[in-house]
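Q: No letters, just coordinates:
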């Protein structure tokens, strides 16, 4: 559905009989996904779907309905009736806000013409080539190459409208040898065969260096966290801690907290060159650059329209990406400046252990290596860690060049050199 | 409803597919959420469509569409074959070894006495807001929340082997929780009502109010709880806490697709390699872990799986010894089994089936044993109730779990509450440390509705269960510095 079609479609829906305020969101996805393991394709899937979400508001009452039959006007009329009927039965909620009624001129930062033209056959060819690359190295490869072609359109009965097309590419690959594995990814809004070849080779190289890991007795030590590990940690911290209302109500790690968290800046920006995203939210709010940490200083956090209006704050909608600044030090230089530490390729299964201190636990995975006197000396057995993000940010001693990462969340993260990182147990 | 699905299979067969199946799903969902004395949300969705999977030239293709017309069915079959051709560019050595399955004709319907979609919004609001009112009576509780989630999944399945299957499953879930603030801290305490393949009859207001009273008071109590000790202690887990441990350390570890490397790039592999089948001492002899996709009201109980295989019951661990895996038709041959265990499920009409954890539970102890007696034999230990922090490595070996509420046990009695307690172990070490589980009178099921696996991620649901169970000398650490 292009912009004109979306405008026409939403206009028709808004013209259908209804009692109060109506918000309409249309989402469309055309996602190609080729999954492989043991150097052969195991799943190959095309997902095509559009959904229509209708949100009704009657005073301080609100409810919503989502359907996926967009070509049935009677069905849509029925859904409108249904959502307003439900809405009438809702008790009042003082936090319900009216539609914004804003017309947004979007720039489609995350739209990529090459991605738009991608076909399933190309993905099959690239995957087959990656499999041959693994076979030539005598290493098993498993991974996913996927590309989503998407659009989102928003309209409301107060005159609001927004439309944007965007893409999301994801290639991640695990290389497994007899006794150790390596991993690499390429994330963004477009991908080509060279990207696939390079990421595959990085995974293979990691794997070769990861064979026959040795035990490193878990203890607090210096780590170099590669961007995926940093991203996994920061996305969990963002989810648990970076909400203004929770902070104000005393149920956040940042409640009554005024310490400086190192020197890095943490922000969101739909126009990020490395990982752009759609530039409006599901309720038609424009997204712009939002600073959460300015050189370690806490700024106003995500703030809903309700909380902003009640407390005279700026509205800061939930973003679609998170970005951590870095000082551009190369990974080699980070390693060279480490006397005694561990290089971590990737984290896995991070969970909160204490929301008050932004404490988390997780595992290393797919390539961890001992650093001694500025050199990688040998791979190490995977370890569990228990650590506070507040402490991690304060203990950063150097950082790399930010790069795109994240299968589930769009992120731009640097590698970090962190002192006194708490490993707690072995996985063997 | 079957006609177009048969058309899809016939068309695929004529085009030369060795196997094809077609599924139509009609999904209806409603979530009602509360915040303090208001409903913060009521959202419903209707979602329907079909997917066609083909095995063509030794490779899989899958395509789907919401448009259920004869013309669209032909388009989707053609697209699935086109995708299979692309898959064949990197073919599996030896092709796909697809376990045989007799054609079935079966209609399954879950038990639903009170259709949750017929219950008024006012009644649902009353249930949630009444519970919130009770939790908010505690001075330190600044927020009380809850939700009710209802799903109905109607499914029609046809394959080229002649199976014609339908299922109609309604499931329900509810959670209420209180957040308390004070003592320069904040703590959350929750109660999970049964997640079950039943209707609204599973939820009684009296029970919600009793539990709201309890969790509201305990949220406040957690604020002044002392920090957990660290070291090796005996622990007792309630059935809800252990259900999650079963899920993570046994359920996922014994999915055969993981063992064979199909999930390596995302969910991971497994330490339970094939040489362990029938021999490995997974647990102590007190432990029998039963898989059962025929379990009444189980969230994975749906009559048949998305490979067209009927639901089954089997032992994963018997008297401590690992018996066998959860499988699908593509995987049974890897362990020399002729037939699938019927564990392949897809979460949507646009998703391809993958091996999922079945309903899986710890069998209750054979001798009479109450929780008081179980705790009575602990000199100094910890009692874990409910689910909290949970993390496990990608081979399902090293894990660390918390509890939503934890008490110290001193001289055989529950003493004060503890804060930030976590138990950390290795899967076989932990399960071999089990020395007792309570009898069937104390066995409870617990549903998991958000099990993520696959790449792209799919979400599945299943039921676990256990009676309160004791483990000796487990390492305790804590999630907060002293």
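A: Yep, it's here. Fair warning: this is a prediction, and the values are worked out from it, not measured in the lab.
Q: Can you pull the domain assignment for the chain?
A: Unless you meant another one, I'm taking chain A. Domain assignment of chain A by automatic domain parsing yields the ranges A:3-205, A:213-428.
Q: that's the other chain; I wanted chain B
A: According to automatic domain parsing, the domains of chain B span B:2-224, B:227-295+B:310-478.
Q: on that earlier part again, adding mean neighbour count and distance to residue B:301, write the domains of chain A out as CSV.
A: Quick note: C-beta positions are derived from backbone N, CA and C, even for glycine. Shown next, in CSV, are the domains of chain A (neighbours: other Cβ atoms under 10 Å in any protein chain shown; distance: least, Cβ to Cβ, whole Å):
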stretch, mean neighbour count, distance to residue B:301
domain A:3-205, 20, 26
domain A:213-428, 20, 28
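Q: Out of those, which is closest to residue B:126?
A: domain A:3-205 (9.8 Å; Cβ to Cβ).
Q: Single out the residue in the stretch 51-200 of chain B that lies closest to chain A.
A: residue B:86 (3.1 Å; Cβ to the nearest Cβ).
Q: Skip the chain neighbours and tell me the closest residue to that residue.
A: The shortest distance from residue B:86 to any residue other than its chain neighbours is 3.1 Å, reached at residue A:124 (Cβ to Cβ, 6 or more residues apart in numbering or on different chains).
Q: Residue B:196 and residue B:168: what is the separation?
A: Look at residue B:196 and residue B:168: by Cβ to Cβ, to the nearest Å, they are 15 Å apart.
Q: So for the two, which sits in the more crowded spot?
A: Just comparing residue B:196 and residue B:168: by other Cβ atoms under 10 Å in any protein chain shown the higher neighbour count belongs to residue B:196, 24 against 17.
Q: Quickly find the element holding the spatially closest residue to that one that is not a sequence neighbour.
A: Nearest non-adjacent residue to residue B:196, counting by Cβ to Cβ, 6+ apart: residue B:297, 4.8 Å away. Using DSSP states H and E, residue B:297 sits within no helix or strand.
Q: now swap in residue B:73 and tell me
A: Going by DSSP H and E, residue B:73 is in helix B:70-87.
Q: what residues are up against the residue of the stretch 51-200 of chain B closest to chain A?
A: By Cβ atoms under 8 Å, 6 or more residues apart in numbering or on different chains, residue B:86 lies in contact with A:34, A:41, A:44, A:120-121, A:123-125, B:61.
Q: does chain A sit close to the helix or strand hosting residue B:451?
A: Remark: residue B:451 resides in strand B:444-453, with elements defined by DSSP H and E. No. Using Cβ under 8 Å from any Cβ of the partner chain, strand B:444-453 stays clear of chain A, with a minimum separation of 9.8 Å.
Q: What's the first helix or strand after that strand?
A: Next in sequence after strand B:444-453, counting helices and strands by DSSP H and E, comes strand B:458-466.
Q: Direction included, what does that following strand pair up with?
A: Counting by DSSP bridges, the strands paired with strand B:458-466 are strand B:360-362 (parallel), strand B:444-453 (antiparallel).
Q: Compare those strands and say which comes out lowest on pLDDT.
A: For the strands paired with strand B:458-466, mean pLDDT drops lowest on strand B:444-453, to a mean of 95.
Q: Now do it: everything it contacts.
A: The contact list for strand B:444-453 (Cβ under 8 Å, 6+ apart) reads B:149, B:171, B:173, B:192, B:194-196, B:239-240, B:243-244, B:247, B:252, B:255, B:263, B:266-267, B:295, B:297-299, B:354, B:356-357, B:361, B:458-467.
Q: try it again with 7 Å
A: Residues from elsewhere that reach strand B:444-453 (Cβ atoms under 7 Å, 6 or more residues apart in numbering or on different chains): B:173, B:194-196, B:239-240, B:243, B:247, B:263, B:267, B:299, B:354, B:356-357, B:459-465.
Q: So which bits of stretch B:170-186 are buried?
A: Under the neighbour-count criterion of 16 or more other Cβ atoms under 10 Å in any protein chain shown, stretch B:170-186 has B:170-174, B:176-181, B:185-186 buried.
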